[in-house]
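K.L.:
sequence first, predicted model second:
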Amino acid sequence: MPDIIPFNAENNLTVTGSTAVIEIDSRIDSSPLMSEWAGFVTLKAFRQIVRAAGDGIERWELRILSPGGNAVVGNAIAQEIKRLGKDAETVAVVDAAGSAATIVALACQRVVIAQNGQWFIHQARGSVWDANGEKLQSYGQMVLDADTEMVRVYADKTGETEQQIRNWMKVETWFTAARALEVGFADELTDAVDGLEAFSPDGLEDFDSVLHAFSELRAQFRGKRSATPPADTPATDTEEPEMEAATLKELKAALPKADSDFLVEQLEADATVADATVAWADHLQAKLEAAETARTAAETAQAQAEQKAAEAAATPPKPGSKGVAEAGDDPHADGDDDGAGGKKFDNAEAEWKRQLKKKHDAGETRADAVFELMNEQPELYEAYLRQRESRIDRRGRRPQASAS
């Protein structure tokens, strides 16, 4: 496996005069730590590289050999590139770009692709481990939204219909440089890049194999681009640059699913569109994780309640003990004692079920209702267990009584 080379200004930035070259040569990821730990392209690291380039840049050149990755981060980086394009020329020089890396490339004013380069588009995808229906539905909507955004960007660039774009994405289409130029993803061709002829989509059966193929090319790409870094590359500035805050109209256009409270938060924080895009993704992920935590806690509480009930049923109390009827007595008679403080319940089992139903009708899950009722009315819970246990015991004796 190739050595891990961090994605940062030292390794990925070259400044010559008023031209800054940024190498996008790895997977795009959401975690800021992954730029150092795995060499992935992150929004935070990209911004640091832009700051390191200093002032006076008139041309930003992004040299891309990336399989893509996180679509939300790809869109956020694209917003940063568009901001740079307000005051300078932006050009994407593509050796090979896939998935979210194509969104980054298309944020530039012009896209140039090597004659032996490749362009790859597909539907957004993801996975959720151990998810309930609500979580799956929420995550699925995020994936569909990412698809919709990619379709819009591709259609705007090429002039193709959205249906044609979706068809290409559905079958995971690879475009040669000539075909990418013909369709309209690229604006012009440039010289072939030595070594790229060894890269072919043939035999790449899934996205994991695509990632591996790009990884194998990474060291060669780095060697070509960073062989003689200039000595005048500025040191990284630790101060955050002043960025233009997004307007409400811009935020609504970029995040049509965001609620008003979230939009107000971003306005008050003077967030850029890129900041708000990443914050919205974090917000949705936090909601999913909170729902999963609540579900797990409720299931644990329910399991504990069922275990306690089973243990109580397996160990019948001795006749004559407090709250337990003598043999022959009716355990359902008025004034059953719960044994946990002396409180009486006419019919604890019926009362327990009635209150559970009330909570369930109010919208709570069965697990949440059991957990809350156990904590709110422990005496009722104890009485319910005892009455249930007595009923089971009574049922067990009835066959013997009828046979005698």
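P.N.:
In hand now; what should we look at? Numbering: from 1, shown residues only.
K.L.:
could you pull out the helices for the stretch 251-400 of the chain?
P.N.:
Using DSSP state H, counting those that start in this stretch, the helices of the stretch 251-400 of the chain run over residues 260-268, 273-314, 348-361, 366-376, 378-403.
K.L.:
any idea which of those has the lowest pLDDT on average?
P.N.:
Mean pLDDT across the helices of the stretch 251-400 of the chain is lowest at helix 378-403; the value there is a mean of 60.
K.L.:
domain boundaries for this protein, per the record?
P.N.:
9-122+172-237, 315-403 (automatic domain parsing).
K.L.:
check the ones you listed for me: which has the lowest mean pLDDT.
P.N.:
Mean pLDDT is lowest for domain 315-403 among the domains of the chain, at a mean of 62.
K.L.:
what about residue 264, neighbour count?
P.N.:
If you count neighbours by other CB atoms under 10 Å, residue 264 ends up with 12. (Each C-beta comes from the backbone N, C-alpha and C, glycine too.)
K.L.:
check which helix or strand residue 91 maps to.
P.N.:
Secondary structure from DSSP states H and E places residue 91 in strand 89-98.
K.L.:
for residue 119, same thing?
P.N.:
Counting by DSSP H and E, residue 119 is part of strand 110-121.
K.L.:
partner strands of that strand, with direction?
P.N.:
Here strand 110-121 has these sheet partners by DSSP bridges: strand 89-98 (parallel), strand 173-176 (antiparallel), strand 188-190 (parallel).
K.L.:
how about it: buried residues?
P.N.:
111, 112, 113, 114, 116, 117, 118, 119, 120, 121 (16 or more other CB atoms under 10 Å).
K.L.:
ditto for stretch 36-50
P.N.:
Residues of stretch 36-50 classed as buried by neighbour count (16+ other CB under 10 Å): 38, 39, 40, 41, 42, 43, 45, 46, 47, 48, 49, 50.
K.L.:
over to stretch 150-161?
P.N.:
Burial within stretch 150-161, assessed by neighbour count using 16+ other CB under 10 Å, is assigned to 150, 151, 153, 154, 155, 157, 158, 160.
K.L.:
among the residues you listed, which lie within helices?
P.N.:
Among these, the residues falling in helices (DSSP state H) are 150, 151, 153, 154, 155, 157, 158.
K.L.:
if I look at the last one, how far off is residue 87?
P.N.:
Spelled out, that is residue 158. If you measure residue 158 against residue 87 using CB to CB, to the nearest Å, the figure is 27 Å.
K.L.:
then the second one?
P.N.:
Plainly put, residue 151 is 29 Å away from residue 87 if you go by CB to CB.
K.L.:
do the same with residue 378
P.N.:
Counting by CB to CB, the gap from residue 378 to residue 87 is 67 Å.
K.L.:
more neighbours, the two?
P.N.:
Using other CB under 10 Å, the more surrounded residue of residue 378 and residue 87 is residue 378, with 13 against 9.
K.L.:
just to revisit the earlier point, and of the buried residues of stretch 36-50, the nearest to residue 254?
P.N.:
Nearest to residue 254 among the buried residues of stretch 36-50 is residue 43, at 14.3 Å by CB to CB.
K.L.:
other residues contacting stretch 250-269?
P.N.:
For stretch 250-269, the external contacting residues (CB atoms under 8 Å, 6 or more residues apart in numbering) are 79, 141, 145, 245-246, 248, 271, 273, 275-277, 279-280, 283.
K.L.:
output the residues you listed as a markdown table; include the columns distance to residue 8 and neighbour count.
P.N.:
Supplementary listing: the contacts of stretch 250-269 in a markdown table, determined by distance: CB to CB, whole Å; neighbours: other CB atoms under 10 Å:
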| residue | distance to residue 8 | neighbour count |
| --- | --- | --- |
| 79 | 21 | 20 |
| 141 | 35 | 12 |
| 145 | 31 | 17 |
| 245 | 27 | 16 |
| 246 | 27 | 24 |
| 248 | 34 | 12 |
| 271 | 24 | 20 |
| 273 | 24 | 25 |
| 275 | 21 | 19 |
| 276 | 25 | 26 |
| 277 | 22 | 27 |
| 279 | 23 | 18 |
| 280 | 26 | 23 |
| 283 | 28 | 16 |
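K.L.:
now do the buried residues in stretch 55-65.
P.N.:
In terms of neighbour count (16+ other CB under 10 Å), stretch 55-65 has its buried residues at 57, 60, 61, 62, 63, 64, 65.
K.L.:
scratch that, stretch 372-389
P.N.:
For stretch 372-389, using 16+ other CB under 10 Å, the buried residues are 372-374, 377, 379-389.
K.L.:
with stretch 258-272 instead?
P.N.:
258, 262, 263, 266, 271, 272.
K.L.:
so the last one is in contact with residue 76, correct?
P.N.:
The one in question is residue 272. No: counting by CB atoms under 8 Å, residue 272 sits too far from residue 76 to count as a contact (9.0 Å).
K.L.:
how about residue 179: what's its closest non-neighbour residue?
P.N.:
residue 119 (7.9 Å; CB to CB, 6 or more residues apart in numbering).
K.L.:
return the residues in contact with that neighbour.
P.N.:
Contacts were defined as CB under 8 Å, 6+ apart; by that measure residue 119 touches 94, 96-98, 102, 113, 174-177, 179-180, 185-186.
K.L.:
partner residues bridging it?
P.N.:
residue 97, residue 175.
K.L.:
distance of it from residue 93?
P.N.:
Residue 119 is 13 Å from residue 93, by CB to CB.
K.L.:
quickly list what's touching both of those two.
P.N.:
Common neighbours of residue 119 and residue 93, counting by CB under 8 Å, 6+ apart, are residue 113.
K.L.:
what's the neighbour count on residue 253?
P.N.:
When neighbours are defined as other CB under 10 Å, residue 253 has 11 of them.
K.L.:
brain fart, residue 10
P.N.:
Neighbour count of residue 10, defined by other CB under 10 Å: 15.
K.L.:
packing partners of the helix or strand where it lies?
P.N.:
Assigned by DSSP H and E, residue 10 belongs to helix 9-12. Packing partners of helix 9-12 (3 or more CB pairs under 8 Å, 6 or more residues apart in numbering; DSSP states H and E): strand 19-24, helix 43-53.
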